[in-house]
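**Q** Let's see this in three dimensions:
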Amino acid sequence: MRIGSLVVVLWLIIGAIAAGQRHYYTEDTPDCSRAGTIAVTIVAGPLNYVGLNPKIDCKTPQPSK
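**A** Have a look, this model is predicted:
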């Protein structure tokens, strides 16, 4: 169980590094798409380095007037 936990933690750390290298943390406009892209990039982990470039596109409904 400990080795599995270590693998998961390392996987997520590598994903966080990949998101940082793509400058996802430096954007000034936080929105649904940005947060989704960061989350998917972190979860994808090392797969980012073999060509996976996940991006999320989401639209939030506009408030009624």
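**Q** can you pull the contacts of Glu27?
**A** For Glu27, the contact set (Cβ atoms under 8 Å, 6 or more residues apart in numbering) comprises Arg34. To be clear about C-beta, it is placed using only N, CA and C from the backbone, and glycine gets the same treatment.
**Q** Correction: the previous question concerned Tyr25.
**A** Neighbours of Tyr25 in contact, by Cβ under 8 Å, 6+ apart: 19, 38.
**Q** 7 Å instead, please
**A** Tyr25 is in contact with Ala19, counting by Cβ atoms under 7 Å, 6 or more residues apart in numbering.
**Q** before we move on, what about Pro54?
**A** 37, 40-41, 44.
**Q** top of those by neighbour count?
**A** Thr41 (25 neighbours; other Cβ atoms under 10 Å).
**Q** Quickly note the distance from that residue to Lys55.
**A** Separation of Thr41 from Lys55 (Cβ to Cβ, to the nearest Å): 9 Å.
**Q** What of Asp28?
**A** With the distance defined as Cβ to Cβ, Asp28 ends up 18 Å from Lys55.
**Q** So between these two, which is more surrounded?
**A** Set side by side, Asp28 and Lys55 show more neighbours around Lys55, with 9 against 5, by other Cβ under 10 Å.
**Q** Secondary structure element holding the residue nearest to that one when sequence neighbours are not counted?
**A** Excluding the flanking residues, the one nearest Lys55 by Cβ to Cβ, 6 or more residues apart in numbering is Thr37, at 5.2 Å. Remark: Thr37 resides in helix 32-44, with elements defined by DSSP states H and E.
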